[in-house]
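**Q** no sequence on this one, just coordinates:
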């Protein structure tokens with residue numbers, strides 16, 4: 001018995017899920033849904049961490065709180081960004097497994113992966129939601145609301161174009177006329193073995209810049 005064909009996912013499904021989750025997260029609250037397959041769990045995990053990142057990025061710009069509060073925001077941003085990227089990589093692994101080796105000779109190499117496009121769709125949904133919220137504010141003038149409404153319409157158009165790119169890439173990959181690579185981000189700043197500022201805080205001194213690594 002074979003599992004679901006992850007390569008058959010449609011951008012309209014992804015966008016609807018993103019929008020519903022954003023409205024719930026910034027309203028009554030939202031968490032990962034249960035009973036979904038591995039791709040949708042990775043997709044939901046990516047989206048959840050993008051929403052958490054949005055909140056922490058806003059909080060990290062505060063000016064009238066103790067420095068320790070901003071430091072906590074920045075550390076949370078690092079954790080959530082790592083988790084967001086890990087979820088992108090999981091999505092791409094699942095897409096690659098579902099597609100198998102279908103690429104024909106001469107198939108074009110796409111520079112962006114399905115997972116990275118879905119990540120961008122997630123961020124677009126956050127911008128669309130928050131720009132829409134700005135148009136409802138009573139404490140700003142009409143010019144502010146109109147400017148945000150125009151930006152929201154532009155962002156919605158950009159998301160539509162990006163969604164079409166996801167559908168086209170997956171269709172071409174199923175046909176064997178396109179392929180994508182499995183990229184790894186290797187976020188060095190989160191790794192105490194690779195971030196030389198963190199190494200310097202440990203037992204071994206960090207090598208001087210420009211010298212060969214140990």
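**A** Yep, that arrived. Quantities reported herein were computed from a predicted structural model and do not represent experimental measurements.

**Q** now do the same contact list for the nearest residue to residue 114 once chain neighbours are set aside.
**A** Among residues not flanking residue 114 along the chain, residue 95 sits closest, at 4.8 Å (CB to CB, 6 or more residues apart in numbering). Where C-beta positions appear, they are placed from N, C-alpha and C, glycine not excepted. Applying CB atoms under 8 Å, 6 or more residues apart in numbering, one finds that residue 95 lies in contact with 6-7, 39, 113-115, 170, 173, 180.

**Q** what values do phi and psi take at residue 95?
**A** phi -60, psi -50 (degrees, to the nearest 10).

**Q** any idea how far it lies from residue 185?
**A** 17 Å (CB to CB, to the nearest Å).

**Q** now the residue nearest the centre of the chain: closest residue in space, sequence neighbours ignored.
**A** For the chain, the residue nearest the mean C-alpha position is residue 119 (3.2 Å; CA atoms, centre = their mean). Closest residue in space to residue 119, ignoring its immediate chain neighbours: residue 88 at 5.1 Å, by CB to CB, 6+ apart.

**Q** buried set for the host helix or strand of the one you found?
**A** According to DSSP states H and E, residue 88 maps onto helix 67-99. Buried positions in helix 67-99, judged by neighbour count with 16 or more other CB atoms under 10 Å: 73, 76-77, 80-96, 98-99.

**Q** hmm, back to that, for my notes, confirm the residue nearest to the centre of the chain occurs in a strand.
**A** No - judged by DSSP: H, G, I helix; E, B strand; the rest coil, residue 119 forms no part of a strand; its state is helix.

**Q** contact partners for it?
**A** Residues counted as contacts of residue 119 (CB under 8 Å, 6+ apart) are 46, 50, 84, 88.

**Q** any idea how far the spatially closest residue to residue 172 that is not a sequence neighbour is from residue 153?
**A** Excluding its sequence neighbours, the residue lying closest to residue 172 (CB to CB, 6+ apart) is residue 178, at 3.6 Å. According to CB to CB, residue 178 stands 30 Å off from residue 153.

**Q** which one's more surrounded, those two?
**A** residue 178 (19 against 12; other CB atoms under 10 Å).
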